[in-house]
Every structure is written in structure tokens, then in C-alpha cells.
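Undergrad: for reference, the sequence and a predicted model appear below.
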Amino acid sequence: MSGAEALAVIGIIASILQLVDFSSKAFSRVKEYGEDAQDIPKTFRDIESGLPLIVHMLGEIQTRVSDGQVPEKGCKALGGVLGDCKAKLAELDIIFDKVLPQDGDSKARRAWKGLVSLRQDKIVEEISQALSRSLQSLTLFHVVAAPTTRQIQALVENISKKDLTPSPASAVQTYFAVPTLSSNEFVGREETMADLASKLCLPATHCRVAVVGLGGVGKTRVALQLAQKYRRSANISVFWVYAYNAERLRKAFDEIARRVNIPGHQDPGADTLRLVKEWFESDASGQWLLIVDNVDDAELLYPSRPHCIRYADYLPRSEAGSILLTTRNGKVGREFAAVHNVLTLASMNAEESMSLLSTRLGAYRSEESLKELTEELSRIPLALVQAASFITQNEMTVEGYLQLYRQSDSTKIQLLSDNFEDEERDALSKNPIATTWSVSFEYIRKDEPQTADLLSFISMLANEGVPEFLLPHGTEPIKFEKAIGTLHAFSFISTRYVELQDSRHRLFDFHRLVRVAMRNWLTINGAFDHWTAYVIEELAIVGERPDLKKYDFGSQFVPHATELLALERLQGFSGPQDVPAIFRKYKGKKRFTLLHQEAKEECMHKDSICPRCTERILHCVASLLYNVADYASSISFRERSLAICTHLYGDSHSRSLGSLFRLVKANKRLSELETALLTSRASSLMTSSRRGQSKEAIAEILCRKLIKNSRPKSVPVGEYTLRGMMELARILRVSMKYAEADAVERQLTAICHRDMDQTHSDINLKRLIALAEVLYTRREYDEAAEYQLRVLDGYESSRGLQGIDTINTLNKLALTYFFLSRYEEAEKYQRLAFDSQKTLRGLGDRFTIDYMLTLSRFLRWQSKIMEADDLAESALSISAKTFGEPSPTYLRHLRGHQEYLLGYRLSLWDPSLGRTAGE
């Protein structure tokens, strides 16, 4: 035998022996855990039946090679087949590490491994098929080359004597360099753990996976649990790098170099980063998993500034290793790993969060209270652990903690900032959930100031449904989109879309607890008042937008304005009639106008809260609530608006009078609503609200105050004197004080005739309206219509058909013609009112729906029954969809239409026929 042939034979025998060892070991592991057929999938059991055949065939071939019966060319051919077998068996061994249960595994852990084994089933099936092909090749080789029966019998005898006990493997040394151990209190996250197991530490594959999510959501705990899983593997080393900043990352690399004793790492000036990278990429490292934790600063791995170290370049790439990175910054995660390898870790589900609290607090707690606590803390693991720590340390009940937590934002932030010990978190990391997020705020402020500004702005609003039109875009829309992207990347906000006025608009939801923490961060940094002032100024500008009067837009504005106005410093000390302390220095118009250019409506306040802007928001919210028939809420905001106006301008200023007039109308409407509900017995709650002074009486008092403040003795009288007298007459009639109402109307008529001129000035049109109102009340419809036509002519020429005063006049004129039984003219003007209102405010507006229903009634009186029914049905459908079926607005629309139909049928009742005419 030549030297080359001898080497070939030795190589083949070594390969066969190693494969026998691999196969025997694999067979033993499957046999050990396959006693119960339910424990492992069918594919694993197929492997069990195939491995002994491979061992058998390898023994026979080894004997023939040892006896010199296989030439050099045959040895080389065998080498390729044996190499394939070896690679597939190595893959199989790694999969066994992942999926086969250990003796001490809990039921839940065995179930989790069962889930993972299902994910590996396809891979094992491919390995099984590859091994079958190799076995066929070996069998064919053996059969073709088998010389005699005697030799076969000898081979069988040799195989029967072969010891199949696995021999000690000459494996590369493995390491477990994880500074913190996971605890036994880890719960949930089965799906995430299974995803990670299916992606990481695959044979001959370099994989990078990023776990991204909000700070405190449990990314590090998941990574620790994964590290612990691989600790039991004899073939995989696990290393941990805490990458909060460059210093910590370098320190971790130094520790790895020392731990594995990389040559030259102690030399002065040694480039440890490069040495560690090269070691990971060499055969000396074996198979490994590198966990890079807490890479929140994008500038660390991917610096935007030139001449900065790009630490991403020192993260190794090798088919023998995988890297798991955790980060709060989704942009870092997507830069580091392919999109399908970026796993977003959300808050726990309800079951997981309950399990976590039960583990920390014990089983003897109210399940309902635990559920409430998980919801309050948004099911964020770190917040739940922090709360559990506070409860146990202070021997509190969960109910007591909830009561304390719900007192105010101040108590929330104190509890969320309370420090506690957590064995699983890095010693230098900030444990309290509030300070955990403050780190992210600092990153954003340092790297993206515009994003920090946007985050500060949003934190002053309600946490859900922030419409894009409320947010300042600046002059560079690209920067705005990048800022939104960063807030998404840190999981601070999420986006959804809604239809507003037949177009698609973005709404942003801000994490509730993050908002509390952000406000606290602004307070600590002395910026809370600045941002309060700025957001008030911006919302005051938005409140003047014409489209805000449309229901869709207005309903998006109100919750955020309400949240802003609920700030403690904007509250009066003794109720809504009291002015907040911060506004008391602005006494009188002269003092105030130094800081607010009223002519331009330009706010001059830069760092202090502007009372005028605050009042404008109060006015806007009160008006929007009035328009949806939420009169009680409207009154509360209107009272605050009036208090500020009176303080700034005095009782007789037009702003104060306008605010007072709107307060009168809201009280009057609320009185009418309460009366209607009481009459129909629809609400027992309203009965209690009528105790004491009624809204009707309050409206009368306020109306008399309005008339008094508007200087009624001046000549000519002003607009609010006329309006006040008209409202007072209506209120008195509703209160059945007819004599007083007649007296007010006579006085009003005399004033209007005295001050009347022939112009179309606004005040003169108000006089005509007042005269028409008195005549309409007295049922003198012909004369009322004459005045209304003059008013319509004036408004139409000065404001067009889409002016709100024009629309109101059209509606009033249509009603007048209806009572004159001039139904065609009534339909004409009502249709104009409806079309104009629809153009101005949209179909979802309460008054648009009112006009639709009124138009349907006019059509019915002309026997246009089908058109009338279709219009009424459409109006009620829009009302239900817009306001909701249980809402007062929808109920008012529905009840009004039902009462009208009843009255209509009664008017057609023919007693002699016992039915309505025409039936």
C-alpha cells in the first residue's frame, strides 16, 4: 500500500469512527426521550429508527477499509458521503439541545419545548431525508463491492463486537459569560422565546436578531432567559455585552478577551475590539451566541457624525455564531437585523401580567384588584415588578396601592419613580420605570431636538387619538415625518387612521404611562410652563379654524383641549367663577393688551400662559359641546371663559357680553332638555338635578344680568341688549310668565322701531330679527315673514348663502311659511338652509340633521311621503352613526321625529272613519 493510500485509509477510518460516535450519541438521545410516543414529533421518531442502520453500515465499511479491500479512489468517494453524514448529524445534535426536555423541566417548560420541536419538525425531516440518501449510497457501495458471503459473515461478526457507546468528543472549550442570572420568576413570552429559538444558533448559519420595545417591557429578561437555555448546551458559548454606552461596550469586550485569554490582549495599545472580533470569527471560538443588550443610542453603532467610531463594525460575522441585540430604538433594530428578524416585544397579555403579579405577591390577593392593577400599569413588566416591590415592602394591599396611585399624576410619578432592587437588571441601570424612560428622553433631546419638541407637545394632550392637524409641522415636513418615525421607533406612539370629512387622517396614540413620565421630566427640567404656554397658543389658533366647526374635526379637538384645560394651574381656587391665580396680574384691558395684540390676534406670551389664548380655547370647547347638545359640560367651560373675560375686560365688554349670552343659551337649552326627559320619564337622574334652583331660573337670572351689563339705557342700544331681551322673553314664556314676556316684547319692539335705519348694518339686521321674532311669537306670520325677507336680503348680500346668520334666517323663514301653510315656499327655503348648512358644517353636524328632519316634515305635508321617509331615515341613520344611539343628541332627533309623526297622524284623524284620512 502506498503512502497516499495509507493516508486515505486512515482518514476514512477516522471519519467512520467519528460518525459511529455521532450516530450512537444521537440514537441514545432520541431513545432516552422517545419512550413516550407523545413526547416528540413523528419525524424525530423516524430518525430513531434510521440511526442504527447507519451505525451498522458504517461498521461494515470500516472493516473492509481496515482489511485493505477499498482502494484509494473508493476511499475518496466515501469521504464525501461520510462528510455529508457528519454535517447532518451535527445539525441534529444542536436541534436536540433545543427541543429535548430535561429531567428537571417543569410542565410549562416541557410544553414550550414541545412547541419549539414542532417548529423544528421540517428541518429534522430534511435531515432525515439526507441521512436516508447517504445510507442508500453506503448500502449501494457495500453491495456492489461485496466479494463473498464469507466476508459478509466476518463483517457481521465484527459489527456485533463493536462498542456503540459514545466516545468522549474532542470539542472546543465553551464559555458562559453572562453577568446576571435569570430568576425562576420568569413567566410568559412563550411565542417570543420560540421565535428566538427558531432563528438563533442554527448550524453553519450566521444570524442577527433584534428585540425592540418600550423601556421596561422585558427585553433584557427575555435575553437572560434565552442565555440560560443555551447554558445547558455543551457546544455553544454564550457571551453578554451591556452596550448602554461606548465605555460599557469596550469594558465588555475587554472582559471577553480576558475570559477566553486571547493572545496579545494585555499588550499595551492592543486593539481589543479587533482582537475579540477576530477571535469570534476564528475556529477557536467554536459555536457561540453573543447578546448585545441595551443598545438604545443609535450613534453608538451607527454614528451620523464623521470621524466617530462605528462600533457596529466590531460585531463579528461567522457561520459559527449568532447575535441577539436588544434596544428601545426600533431604528437601531432595523439597521442591525433583517426586517424578518426584528421582533417587537409588546406589553404582556392579561394572563401573563396576572401570572407575574401573582408570582411576586403570592396567591392570596384579590384577582379583580390584580386585574385592575395590571390595566393601570398597562401590563408593563417593569412597572408591575416595581408596584409589587412597593406593596410587599410597605405591607400594603393591592387595593390600597391602587387608591394611592389614582389620586393624581403627582402620586403616580412618585410611585413610578420609587427605586427598588431587581437582581436581573444591570447594576448601573435605572430601575424605576419613570427614570428608565427619562434615559430615552435624554437620547432624543441630544440627537433629535425637533423630535424632543414634538414629544413635549404631545405630552400636554390626551394620550389617545391625537389628530395630526393639532401638531406643529414647522416649515419642513420631512423633519416632521422623521420625528414621528423616531417616536414610533421608541414605541412611545402608535398610528391609526380615521375618515374625517371623506378624507383619511392620522391619529397618534401616546403611551399613557410614558406621558405621565414625560410631564414629570419637563417639570424637572423647568420646561413644563413653557410647553403649557406654547401648546395653549397653538390650540387657540387651531380653535379658530373654520373646519373645526364640523363635527368630525371638532370631536377630535375637544378631548385634547379638555386635557390641557384640566391642568391644575389653569383652575380657579373657588370654582369656575374664579380666575386662576396665574392670570390675576392681568387686570384690565390696558394691562393685558401689552402682551396680546388683539387686532392681529397674535399672542405675545412666549414663556408664560396667555389668558386670552386660554379663554379662546375655553370658548371653542364650550361651543363645540353646545353643538352636540352636551349642555352641562358646555356650561362648565363657558363659566370659566366668562370669568377670564370679565377679569380682563370688565362686565360690559363685548367679549364678556358674548360669553354671558352663550351661557344663557346653554342653560336655557339644558332646561329644555331636562324638561323633555322628565316629561317622557326617560331619566330618573334628571329629577335629582332639578332640586334647588332650576336651569330655567338660572337662565333667567343670567339673562337679566346680560341686559343690565349691556347698558340698555344707551341710545341706540347694543346687540347684546337686543339678544338678551329676545332670550328673556322666550324664557319668561317657557316659565309661563306671559305678562312679563309681553312687557319685554313691547319694550323690545319700541327700541327697535326707535333705533331702526335703512342700512344693512349688522346691528340694524339684529333689530329686524328682533321684530320678526316678536311677531313670530305672537303668530303674526305674514308680518314676521316680511321682516325675515329683509334680513335674508341683508345677510345674503353681505355674507353669502353659507354664512351662519344667513342659514339661520333661511330656516326661520321656512318655518314661518310652513305655519302660513305655504308648503312649497317652506320647502324651498328649508332646502336652501339644509344645503348651505351641509356645505358649511357637513352632514354629521347636529343642525344639518335638524334641517334634514324639518325638510322631511315639509315634504310629508305636500304628500311627498316616499321622499320624506327616505330623508328622515337618512337623517336618523347619520345621527346614530355620528353621535351614537344612546347619546342625548340622537335621542332628541329620534324623539322629535316620533312626536312629529304622531302629531301628523292625529291631525289627519277622521273620527267618523276611525282612521286617518287616506288610509
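TA: Noted; the coordinates are in hand.

Undergrad: what segments of the stretch 101-250 of the chain are strands?
TA: 176-177, 207-212, 236-242 (DSSP state E, counting those that start in this stretch).

Undergrad: just checking, what packs against the longest one?
TA: Yep, that's strand 236-242 we're talking about. strand 176-177, helix 219-231, helix 246-260, strand 287-293 (3 or more Cβ pairs under 8 Å, 6 or more residues apart in numbering; DSSP states H and E). All C-beta atoms are positioned from the backbone trio N, CA, C, and that covers glycine.

Undergrad: nearest residue to Ser318 other than its sequence neighbours?
TA: Glu281 (4.6 Å; Cβ to Cβ, 6 or more residues apart in numbering).

Undergrad: the strands of the stretch 101-250 of the chain: which one's closest to Met348?
TA: strand 207-212 (14.5 Å; Cβ to Cβ).

Undergrad: in CSV, list the C-alpha atoms belonging to that closest one.
TA: What follows is strand 207-212, C-alpha atoms only, in CSV (Å, rounded to 0.1, in the frame of the first residue of the first chain):
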residue,chain,number,x,y,z
CYS,A,207,-28.0,35.1,12.2
ARG,A,208,-28.7,38.5,13.7
VAL,A,209,-31.9,39.1,15.6
ALA,A,210,-33.1,42.3,17.2
VAL,A,211,-35.7,42.5,20.0
VAL,A,212,-37.2,46.0,20.2
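
Undergrad: just to revisit the earlier point, from the helices and strands packed on strand 236-242, which stretch is densest packed?
TA: strand 287-293 (a mean of 24; mean count of other Cβ atoms under 10 Å).

Undergrad: buried ones in stretch 513-523, by neighbour count?
TA: Neighbour-count burial for stretch 513-523, counted by 16 or more other Cβ atoms under 10 Å, picks out 513-522.

Undergrad: thinking again about what came up before, so which of the strands of the stretch 101-250 of the chain comes closest to Ile609?
TA: It is, among these and with distance given as Cβ to Cβ, strand 207-212, at 37.8 Å.

Undergrad: contacts for that closest one next, please.
TA: 192, 196, 199-201, 219, 222-223, 322-330, 332-334, 336-338, 341-345, 489, 491 (Cβ atoms under 8 Å, 6 or more residues apart in numbering).

Undergrad: same deal with stretch 439-448?
TA: The contact list for stretch 439-448 (Cβ under 8 Å, 6+ apart) reads 215, 296-299, 328-329, 430, 451-452, 455, 482-483, 486, 490, 492, 518, 521.

Undergrad: which of these fall within strands?
TA: Of the contacts of stretch 439-448, none are assigned to strands by DSSP state E.

Undergrad: could you pull up the contacting residues of the closest residue to Pro303 other than its chain neighbours?
TA: Closest residue to Pro303 apart from its sequence neighbours, by Cβ to Cβ, 6+ apart: Arg310 at 6.0 Å. Contact analysis of Arg310 by Cβ under 8 Å, 6+ apart lists 301-303.

Undergrad: give me the pLDDT value at Arg310.
TA: Confidence at Arg310, expressed as pLDDT, is 93.

Undergrad: quick one: the strands in the stretch 301-450 of the chain?
TA: According to DSSP E, counting those that start in this stretch, the strands that the stretch 301-450 of the chain contains are 321-327, 342-344.

Undergrad: please produce JSON lines containing the ones you listed, extended by mean neighbour count.
TA: Putting the strands of the stretch 301-450 of the chain into JSON lines (neighbours: other Cβ atoms under 10 Å) gives the following:
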{"stretch": "strand 321-327", "mean neighbour count": "26"}
{"stretch": "strand 342-344", "mean neighbour count": "18"}
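
Undergrad: dump those strands to TSV, plus mean pLDDT and distance to Ile763.
TA: Formatted as TSV, the strands of the stretch 301-450 of the chain follow (pLDDT from 0 to 100; distance: least, Cβ to Cβ, whole Å):
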stretch	mean pLDDT	distance to Ile763
strand 321-327	95	66
strand 342-344	94	63
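
Undergrad: of those strands, which is nearest Leu663?
TA: Across the strands of the stretch 301-450 of the chain (criterion: Cβ to Cβ), the nearest stretch is strand 342-344, sitting at 49.8 Å.

Undergrad: so which elements touch that closest one?
TA: Looks like strand 342-344 contacts helix 190-199, strand 207-212, helix 330-336 (3+ Cβ pairs under 8 Å, 6+ apart).

Undergrad: that'll do, ta.
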